[in-house]
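K.L.:
Need a 3D model of the following:
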Amino acid sequence: MHLPAASLFRFRSRHWLALGAAALLAGCSGHQTRVELGDAAQVLHLGNMTEPNDLDPAYPDSSQTVQVIMALMEGLAQFDPKTCQPLPAGAERWEESADHLTWTFHLRTSALWSNGEPVTASDYIYAYRRMLSPALGAEYSNSLFCLQHGEDYYSGRVKDFGQVGAQAADAHTLILRLSHPVPYLLSLLCLPYWYPVHPATIEKFGRIDQRGTAWTRPGNYVGNGPFLLAEWRPNQIIRVTKAPTYWNREAIHLNEVDIYPVEDNAAEEAMFRAGQLHITATMPINKIAVYRGDPLLAPLLDQHTFLATYFYRFNVRVAPLNDVRVRRALAYSIDRQEIVDHVAHGGQTPAGHLTPDMPDGFSARATVPYDVAQARRFLADAGFPGGKGFPHLDILYNTNEGHRQIAEAIQQMWRRNLGIDVGLENEESKVQSDSMREGHYQIARFGWIADYPDPSTFLEIMTSDNGNNQTGWKNAEYDRLIAASHAAATDAERLALFQRCEQILADECPLAYVYFYTRNNLRRPDVKGWYGNPLDTHPFTGVYLEVPGR
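P.N.:
Residues are numbered from 1 along each chain as shown. Below is the predicted model:
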């Protein structure tokens, strides 16, 4: 029977995938695959989507970079792999004062750097001084503004770091004094920008506030985490091996993790089928339904919701995006439901605001609607009726087939709904990250994953001085509301301030929201101790490989 070309492709795709699934699930006779060898040797092969910008904990550029850094370094606390609740790590215990402003951390005396030296409270303090050095340009420096005089030191109002709220009572006792209570402080401490660094190593290769030095290269890297940096070949592989110096090394089951930055998700899925990867970072969107609908393939599909938002940034320093009416027109004319249903295919939820629904019950009331008639009025009011005279703009997206398809869909919506033509431009993730940081874009695809389960992790990235607000947008009232949230007497008062922040973002449209994420990737059933969780974060502690049939 003759099949139309499209149907024939689908048939062949399903047939090939089914054969691959049978091999993956049953094991191969004869030649052993990379994953089969890895199972026997406890070597995990992991797709990681992008090449890290660096392995410096002060300025990771993506959650994939954080994943690698978390293998090499450790902070005072660590996320539970199932619940994301903070657990003791570099600190074995802590106490909080009655006013929630003073925290005392008791460091493990068994914690060592990979060169055998003890990890001390002064190493944390050195790292905090480094993070708050303006010349370093750490995008997450504001994370430490909650320390007493942290922001003052960063801005230059305080010159002596000794006045900042981080002191060592002794070599293994660290005291943090806060300018205001931070309900999610322990979650913050799980993040790389709060990790200690080894001062002598930093200064061997450069200044305390110097970016991009050779200290993060193999042979130079001194970390305190469960793994050592054994190899880093850019755009090919990062290999980490079990650290003999780690305080909890007996709990580490993996001997090695090989991490592959594969931006092409079709290539990554092919690697998975060929037995080269245990876990992928993502998967082609046109394969999601294929895996979901096949009994042999379904066990390989790993789907879970997590706290993350997919959106487009507008560079408001560039005309006509400096006109709020133009930004509203662009944002109001995106049919998010159409993208979720017919482009993304992964169970995502259309997003009309920045913050996804939170575990604490926060759900943003403000929304940016899909309203073509209103969008056309905004564009006409801005001087471009029917799109007439609208200048050329480009959508910048990082190299990924899914991002390209979404950009093409939005390009078509703007042509259909507004009568304007925009171009598409793609760059590798690392290059795109630099372009956004330097303001060399007009419209850019971006996504934000929660650092911790609180609305502030989303809303604070849009304050005027936040290193992750790379739109050029500033709003004094928005900044005031975020500052007021730090001093709020109750959670209800704090969440009410966040509602007002969401309304300002909806009115000003520095961002065009697309959807709230669902993670769609592939994972072999022999990987144990790896869980879907609200932050999509996966410490390698506790992960192990089970040899099928044993």
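K.L.:
ok now do the closest residue to residue 72 other than its chain neighbours, which residues does it touch?
P.N.:
With sequence-adjacent residues excluded and distances taken as Cβ to Cβ, 6 or more residues apart in numbering, residue 72 is closest to residue 223, at 4.1 Å. From N, CA and C alone the C-beta is placed, and that goes for glycine too. Residue 223 sits next to 72, 73, 74, 113, 114, 198, 229, 243 when contact means Cβ atoms under 8 Å, 6 or more residues apart in numbering.
K.L.:
can you list those residues in CSV and add neighbour count?
P.N.:
Below are these laid out as CSV (neighbours: other Cβ atoms under 10 Å):
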residue, neighbour count
72, 24
73, 25
74, 28
113, 20
114, 21
198, 22
229, 24
243, 21
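K.L.:
Narrow the residues you listed to those in helices?
P.N.:
residue 72 (DSSP state H).
K.L.:
so which of the contacts of residue 223 would you say is closest to residue 271?
P.N.:
Of all the contacts of residue 223, residue 229 has the smallest distance to residue 271: 22.5 Å, by Cβ to Cβ.
K.L.:
Pretty sure the closest one sits against residue 237.
P.N.:
No - the criterion here is Cβ atoms under 8 Å, and residue 229 misses it with residue 237 at 11.7 Å.
K.L.:
residue boundaries of the helices in the stretch 151-300 of the chain?
P.N.:
For the stretch 151-300 of the chain, applying DSSP state H, counting those that start in this stretch gives helices covering 185-188, 199-204, 265-273, 288-292.
K.L.:
What residues of the third one count as buried?
P.N.:
By 16 or more other Cβ atoms under 10 Å, the buried positions in helix 265-273 come out as 265, 268, 269, 271, 272, 273.
K.L.:
Next up, the contacts around the residue lying closest to the fourth one once chain neighbours are set aside.
P.N.:
Once flanking residues are discounted, residue 271 sits nearest to residue 277: 4.9 Å by Cβ to Cβ, 6+ apart. Under the criterion of Cβ under 8 Å, 6+ apart, the contact partners of residue 277 comprise 34, 35, 45, 46, 47, 260, 268, 271, 522.
K.L.:
Could you report the separation of residue 277 from residue 43?
P.N.:
With the distance defined as Cβ to Cβ, to the nearest Å, residue 277 ends up 12 Å from residue 43.
K.L.:
Same check on residue 37?
P.N.:
7 Å.
K.L.:
which of the two has more neighbours?
P.N.:
residue 43 (19 against 12; other Cβ atoms under 10 Å).
K.L.:
Name the spans of the chain whose pLDDT lies under the cut-off.
P.N.:
Residues of the chain meeting the criterion pLDDT under 70: 1-30, 550.
K.L.:
What distance do you get for the residue nearest to the spatial centre of it to residue 451?
P.N.:
The chain has residue 63 as the residue nearest its centroid, 3.0 Å off, counting by Cα atoms, centre = their mean. Here residue 63 is placed at a distance of 9 Å from residue 451 (Cβ to Cβ).
K.L.:
got it, and residue 493?
P.N.:
23 Å.
K.L.:
higher neighbour count, the two?
P.N.:
Set residue 493 next to residue 451 and count neighbours by other Cβ under 10 Å: residue 451 wins out with 25 against 12.
K.L.:
I'd guessed that one sits against residue 192; true?
P.N.:
No - taking contacts as Cβ under 8 Å, residue 451 lies outside contact range of residue 192: 9.9 Å.
K.L.:
Tell me where the stretch 101-250 of the chain has strands.
P.N.:
102-107, 166-170, 173-177, 227-233, 237-242 (DSSP state E, counting those that start in this stretch).
K.L.:
partner strands of the fourth one, parallel or antiparallel?
P.N.:
Paired neighbours of strand 227-233 in the sheet (DSSP bridges): strand 237-242 (antiparallel).
K.L.:
What of the second one?
P.N.:
Within its sheet, and counting by DSSP bridges, strand 166-170 is paired with strand 173-177 (antiparallel).
K.L.:
In the strand it pairs with, which of the residues would be classed as buried?
P.N.:
174, 175, 176, 177.
K.L.:
Can you report how many residues lie near residue 291?
P.N.:
23.
K.L.:
how close does it sit to residue 546?
P.N.:
Distance from residue 291 to residue 546, by Cβ to Cβ: 21 Å.
K.L.:
now residue 143
P.N.:
From residue 143 to residue 546 the distance is 37 Å (Cβ to Cβ).
K.L.:
Between these two, point out the one with more neighbours.
P.N.:
residue 143 (21 against 13).
K.L.:
and the host helix or strand of residue 396, which strands flank it?
P.N.:
Secondary structure assigned from DSSP states H and E places residue 396 in strand 393-398. Using DSSP bridges, strand 393-398 pairs in its sheet with strand 422-427 (parallel), strand 443-449 (parallel).
K.L.:
what would those look like in CSV with distance to residue 475 and mean neighbour count?
P.N.:
Output for the strands paired with strand 393-398, formatted as CSV (distance: least, Cβ to Cβ, whole Å; neighbours: other Cβ atoms under 10 Å):
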stretch, distance to residue 475, mean neighbour count
strand 422-427, 25, 16
strand 443-449, 18, 21
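K.L.:
what comes up buried for stretch 119-135?
P.N.:
So, applying 16+ other Cβ under 10 Å, buried residues of stretch 119-135: 119-121, 123-133.
K.L.:
Narrow these to those in helices?
P.N.:
Using DSSP H, the buried residues of stretch 119-135 in helices are 121, 123, 124, 125, 126, 127, 128, 129, 130, 131.
K.L.:
Mind putting the residues you listed into CSV with distance to residue 432?
P.N.:
Formatted as CSV, those follow (distance: Cβ to Cβ, whole Å):
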residue, distance to residue 432
121, 38
123, 33
124, 32
125, 34
126, 32
127, 28
128, 29
129, 31
130, 26
131, 24
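K.L.:
and which of the contacts of residue 277 is nearest residue 169?
P.N.:
residue 46 (39.5 Å).
K.L.:
so is the closest one in a helix, a strand, or just coil?
P.N.:
strand (DSSP: H, G, I helix; E, B strand; the rest coil).
K.L.:
can you check residue 100 too?
P.N.:
Residue 100 - assigned by three-state DSSP - is coil.
K.L.:
what residues are up against the closest residue to it other than its chain neighbours?
P.N.:
Leaving aside its sequence neighbours, residue 100 sits nearest to residue 181 (Cβ to Cβ, 6+ apart; 3.8 Å). Residue 181 makes contacts with 99, 100, 101, as judged by Cβ under 8 Å, 6+ apart.
K.L.:
about what we covered before: now the buried residues of stretch 119-135 as TSV including distance to residue 377?
P.N.:
Below are these laid out as TSV (distance: Cβ to Cβ, whole Å):
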residue	distance to residue 377
119	60
120	62
121	60
123	58
124	54
125	56
126	56
127	51
128	50
129	52
130	50
131	46
132	46
133	48
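K.L.:
Closest one of those to residue 433?
P.N.:
For the buried residues of stretch 119-135, the nearest to residue 433 is residue 131 (18.7 Å; Cβ to Cβ).
K.L.:
That closest one touches residue 58, doesn't it?
P.N.:
Yes - at 5.7 Å, residue 131 counts as touching residue 58 under the criterion of Cβ under 8 Å.
K.L.:
related to what we said a few turns ago, of the ones in helices among the buried residues of stretch 119-135, which is the nearest to residue 480?
P.N.:
For those, the nearest to residue 480 is residue 131 (24.7 Å; Cβ to Cβ).
K.L.:
circling back: quick one: the strands of the stretch 101-250 of the chain as TSV, columns for distance to residue 489 too.
P.N.:
Converted to TSV, the strands of the stretch 101-250 of the chain look like this (distance: least, Cβ to Cβ, whole Å):
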stretch	distance to residue 489
strand 102-107	19
strand 166-170	26
strand 173-177	20
strand 227-233	43
strand 237-242	45
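K.L.:
Cheers, nothing more for now.
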